[in-house]
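A.B. asks: A predicted structure for the sequence below; I have some questions about it.
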Amino acid sequence: MAMTETRPDAETETATPDPSATAGLPRPAGGLAGLLGTGRHRSIGRLWVGTSLVFLVVSGGVGAALGAERLKPETYNVLQKNNFAQALSLHGVAGVFLFALPILIGLGTIVVPRQVGSHTIAFPRAAAAAYWTYLIGGAIVVVSYLINGGPFGGNQQGVDLFLASLAMVVLALLLASVCIATTVLALRVPGLTLARVPMFAWSMLVAATIWIASLGLLFGVLVLLYVDHRYRVFVFGANDQIAGWLRWTITQPQVYAFAIPVLGFVGDVVPVFASTRARMRGIQLGAIGAFGALSFGAWTFLSVQHPQLTRQTLYVGVAFAALLPLLAFTAAVAETLRAGRIRLSSPLLFALSALLMLLAGAAAGAARVVDPLHLVGTTADSSVIHYVLGATAIAAVGAIHYWWPHVLTRPLGEGLARLTALVLLLGVILLSLPDLASGLIDEPAGSLYTNVRDGVAALNAASFAGGLLVLLAIVLFVVNLAVSMARLPEGDITDPWEGHTLEWTADTGTLTVASATPLLDSREGST
Amino acid sequence: MAVALANDSLGAPPLAAPTRPRVLLIGTALACSGIVMAFAGLLGLYAEERNAIVRDGGKWIPKDVVIDLTPFNVALVGLIISLVVLHWAVYAVANEDRPRAYLALGLAALLGAAYINSVAFSYTQMNFTVDDPTGVGLLVYVITGLHLAMAGAGVVFIALMAFRTLGGQYSGRDREGIVAALLYWYVTVAVYAVIWFTIFVTK
């Protein structure tokens, strides 16, 4: 290992401090004070991941209520007519801005600095400030719904509060994205060119760049909506219009941007569990970049004023083009699996499930824009969203299993992990596929229940069952986590999988690398 | 393939010092791209709304609103001068000419504050109301207000870099912070130039 010197500013989280070196210096604060003041990327990342899982429960719980409501689509049973649309918007907002993006940012905050050989994230104080802003903003978003605010809300102050707090959350996500992207661009160890960075770090760079551009625009729109609503002008931001202004963020192509790191996770996991080098690595990196570029959806933000946008050639072309990089990436992954010796461990199951769901989501998205099928505005919209965000959720849970020494310090039970992966896969398929079928028989999206077709109730029941399976998988994951915390001893920051990339090195000094798989090279060189 | 990690603690010559990461500059550039997108979206919406109203034969700028170009032109010229002054600051720091670096940084911050003052004064003269039913007042206040906030943040950024230079953190060898402030200020001026043309010149 190259240990020429240790950076003076490095925040080594694994090394044992030298007592003589710290003599006379104030001891780092512990407990709550330490947590509030921490700038350690692992601690901040864990906070992001933990909090996003709490918000997943909020989004999932509301989703379950919505699913139960759809069991008898002719009448409102669980919810009421005047809060169904509110619940739907909470489900979407919490699912995307309080769960999907934050959990990816959390994983990126934990793993990316280690993958590029840095001991710290860029702008650690800004990264910490981003988390606390997200936490406070996210809590206020939920509170705003509880006081009858949010889109379609009846309490004007509650709607104002929703817009202001969502702007806070978006600002926090922007700031965290800047920290992650800067880490990849500026804090790589010597020799680690952009072509050599691990797939997950590369995908986080692509994703963070797209997020910065699209969330920047969203922040501007939210400020406009807030002022419009706060001063009761209502040119843009009447209660029933707000959801329309936010819809582009959870529709294709923008929704794909929340799944870019899925490809990075798959790209890192597959070679490790195929015990070989990644095949067609350049194509994989290019495919992630191309998928990121095609997922940039800020240009569709005026679709609320121009619904015919979904019929335009550019929109249709992008929907189909997004499939191409995914297919190229899948081909490279398949070639890697074919060339290696497969170890069917839980991270590989999660990775393949996530890739499959992302492919299904992109295929459903391409089908959605085929004009003769008339799928836009039907439940096919939610099918695409559920496929893509389902892929994100599967990859995120899988990433926690794969990078457990960095995320948890304790290993997770392998049997329960495999069961979680399978239940999650089945749940996402059951949640999403029936909605696509409902869309094909013209079942409208949202709270319109005027034209219920034959068979829709059965499809809704299947979708509801899928949602319950997803919640069951989350329960299994939490049980696995609890068992692990209660029974299993703490693990060292070692390499349980024989990883290929820098996050698995125990070396805390200044490193230099000469390939994309330094640890694999090192192992092969020593045998 | 070469072995990627080698143990050079046993006598191998030390590695060359890694190139200094330009963290602040890259972070600033990324943040600026998000800011540019916010303004691009709002100005796009402004143009869209204006076109829709004009296409329907309506009047975009209300009758009682007066847009006198003079203060906005002066503000633009002032911002361009502040850019030149900031370049002077970078040049002075590069040449270890500290007194002139402080002078230039102070002047740049002052010109930024003067811009904020001039736009705030224009608000009292234009008679735009935020609750105009066409949305023009709302859009003008949101866009220019956000730009005021951006300029305010820029002034704070410049002041912070001035204090860091005063503290000896930046010198001829390392002037990354001041270059980052310059980049941010470039974007601030560029965004204002677009606002000036879109809102005040073409009306």
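C.D. replies: Received, thanks.
A.B. asks: any idea of the pLDDT on residue A:130?
C.D. replies: Looking at residue A:130, its pLDDT is 96.
A.B. asks: my read: residue A:181 touches residue A:210, true?
C.D. replies: No: checked against Cβ atoms under 8 Å, the pair residue A:181 and residue A:210 is beyond contact range at 10.1 Å. (C-beta placed from N, C-alpha, C; glycine too.)
A.B. asks: Sticking with the nearest residue to residue A:503 once chain neighbours are set aside, tell me its helix or strand.
C.D. replies: Beyond its immediate neighbours in the sequence, the residue positioned closest to residue A:503 (Cβ to Cβ, 6 or more residues apart in numbering or on different chains) is residue A:114, lying 3.7 Å away. Assigned by DSSP states H and E, residue A:114 falls within helix A:101-115.
A.B. asks: Show me which of residue A:181 and residue A:210 is the more surrounded one.
C.D. replies: Applying other Cβ atoms under 10 Å in any protein chain shown to residue A:181 and residue A:210 shows that residue A:181 carries more neighbours, namely 27 against 24.
A.B. asks: got a list of what residue 144 touches?
C.D. replies: Here I'm looking at chain A. A:150, A:153, A:158, A:159, A:161, A:162, A:165 (Cβ atoms under 8 Å, 6 or more residues apart in numbering or on different chains).
A.B. asks: Correction: the question concerned chain B.
C.D. replies: B:119, B:123, B:195, B:199.
A.B. asks: quick one: which two of those residues are the most distant?
C.D. replies: Comparing every pair within those by Cβ to Cβ identifies B:123 and B:195 as the most remote, at 13.9 Å.
A.B. asks: Just want to know which of those two has more residues nearby.
C.D. replies: residue B:195 (23 against 14).
A.B. asks: from what I can see, that one looks like it's in a strand, true?
C.D. replies: No: according to DSSP: H, G, I helix; E, B strand; the rest coil, residue B:195 belongs to no strand; its state is helix.
A.B. asks: Mind picking out the helix or strand in chain B with the poorest mean pLDDT?
C.D. replies: The helix or strand of chain B with the poorest confidence is helix B:98-126; it has a mean of 90 (mean pLDDT, DSSP states H and E).
A.B. asks: quick one: whichever helix or strand comes after that helix to chain centroid distance?
C.D. replies: Stepping forward along the backbone from helix B:98-126, the first helix or strand reached (DSSP H and E) is helix B:136-166. Distance, stretch centre to chain centre, for helix B:136-166: 7 Å (Cα atoms, centre = their mean, to the nearest Å).
A.B. asks: for helix B:136-166, what is the average pLDDT?
C.D. replies: Across helix B:136-166, pLDDT averages out at 92.
A.B. asks: what does stretch B:182-193 give?
C.D. replies: Average pLDDT, stretch B:182-193: 96.
A.B. asks: Of all the helix elements in chain B, which one is longest?
C.D. replies: For chain B, the helix reaching the highest residue count under DSSP state H is reported as helix B:23-55.
A.B. asks: Let me see the confidence value for residue A:5.
C.D. replies: Predicted confidence (pLDDT) for residue A:5: 35.
A.B. asks: how deep is residue A:262 tucked in, by neighbour count?
C.D. replies: 31.
A.B. asks: With residue A:393 instead?
C.D. replies: The number of residues packed around residue A:393, counting by other Cβ under 10 Å, is 27.
A.B. asks: Indicate the residue of the stretch 351-500 of chain A located nearest to chain B.
C.D. replies: Nearest to chain B in the stretch 351-500 of chain A, going by Cβ to the nearest Cβ, is residue A:500, at a distance of 10.2 Å.
A.B. asks: helix/strand/coil for that residue?
C.D. replies: On the basis of three-state DSSP, residue A:500 is classed as coil.
A.B. asks: and it, what are its phi and psi?
C.D. replies: Backbone dihedrals for residue A:500, given as degrees, to the nearest 10, come out at phi -100, psi -20.
A.B. asks: Determine the number of other residues adjacent to it.
C.D. replies: Residue crowding around residue A:500 was assessed by other Cβ under 10 Å; the count is 25.
A.B. asks: contacting residues around it?
C.D. replies: Contacts were defined as Cβ under 8 Å, 6+ apart; by that measure residue A:500 touches A:198, A:268, A:271, A:272, A:277, A:516, A:517, A:518, A:519, A:520.
A.B. asks: what's the closest non-adjacent residue to residue A:414?
C.D. replies: Counting by Cβ to Cβ, 6+ apart, residue A:346 is the residue found nearest to residue A:414 once chain neighbours are left out, at 5.8 Å.
A.B. asks: would you say residue A:490 is within a strand?
C.D. replies: No: secondary structure of residue A:490, determined by three-state DSSP: coil, with no strand assignment.
A.B. asks: contacting residues around it?
C.D. replies: Counting by Cβ under 8 Å, 6+ apart, residue A:490 touches A:409, A:410.
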